[in-house]
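[1] sequence? don't have it. structure:
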């Protein structure tokens, strides 16, 4: 009787292990599939981080506001930081034009209104009515007031949108 009791206990133990294993199999499969889904989501998020986010009116406002603040604080380097020096054609000439303008004028007043923001492939675009007043530094040259419709081409640099091209180019002459 002892042998049969031990055999019965072994049989029960075996059945319990099988039942536990049978219950764990779906859990293990579920955990594996969740891990695979998380990995796919991570890879998808990583590949999406390489493509730029959609360019919006808020992005255009941020860039134009950065230009406004640079003018109003009379800060040429802050002004140029809004531009993508690597992508902008003729950046060196534009940089010199900006330096000359900031050397001649100060005490700026700026107003702008974004009229359009679009996305074309990986580039953003914006149009804005831009108006500014500037006082001459020499006190002899007359003050200026300019109104211009700016067209911005913007590129994603991996962190933020920057101005990659601008027209008209002579708006600071």
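    Received it, and whenever you're ready, just let me know what you need. The model shown is predicted, which means the values in this text are computed figures rather than measured ones.
[2] for the longest strand along the chain, packing partners?
    Looking across the chain with DSSP state E, the single longest strand is strand 105-120. In this structure, strand 105-120 packs against helix 57-72, strand 123-136, strand 144-156, with contacts taken as 3 or more C-beta pairs under 8 Å, 6 or more residues apart in numbering; DSSP states H and E. Where you see a C-beta, it was placed from the backbone N, CA and C, and this is true even at glycine.
[3] Report the distance from it to the chain centre.
    19 Å (C-alpha atoms, centre = their mean, to the nearest Å).
[4] Which segments of this structure make up each domain?
    With domains defined by automatic domain parsing, the chain comprises 1-50, 57-172.
[5] quick check: mean pLDDT across the last one?
    What it means is domain 57-172. Domain 57-172 comes out with an average pLDDT of 96.
[6] start to end distance for it?
    Using C-alpha to C-alpha, to the nearest Å, one end of domain 57-172 lies 24 Å from the other.
[7] Might you calculate how far that domain sits from the centre of the chain?
    18 Å.
[8] I'd like to check which residues are in contact with the residue nearest to residue 97 when sequence neighbours are not counted.
    Leaving aside its chain neighbours, residue 97 sits nearest to residue 172 (5.6 Å; criterion: C-beta to C-beta, 6 or more residues apart in numbering). Counting by C-beta atoms under 8 Å, 6 or more residues apart in numbering, residue 172 touches 97-98, 101.
[9] likewise residue 118?
    Contacts of residue 118 by C-beta under 8 Å, 6+ apart are 55, 124-126.
[10] And those, which is closest to residue 133?
    residue 126 (22.3 Å; C-beta to C-beta).
[11] In this structure that closest one contacts residue 163, no?
    No. Using C-beta atoms under 8 Å, residue 126 is not in contact with residue 163; the gap is 9.1 Å.
[12] Common neighbours of those two, please.
    Common neighbours of residue 126 and residue 163 are listed as 63, 152, 154 (criterion: C-beta under 8 Å, 6+ apart).
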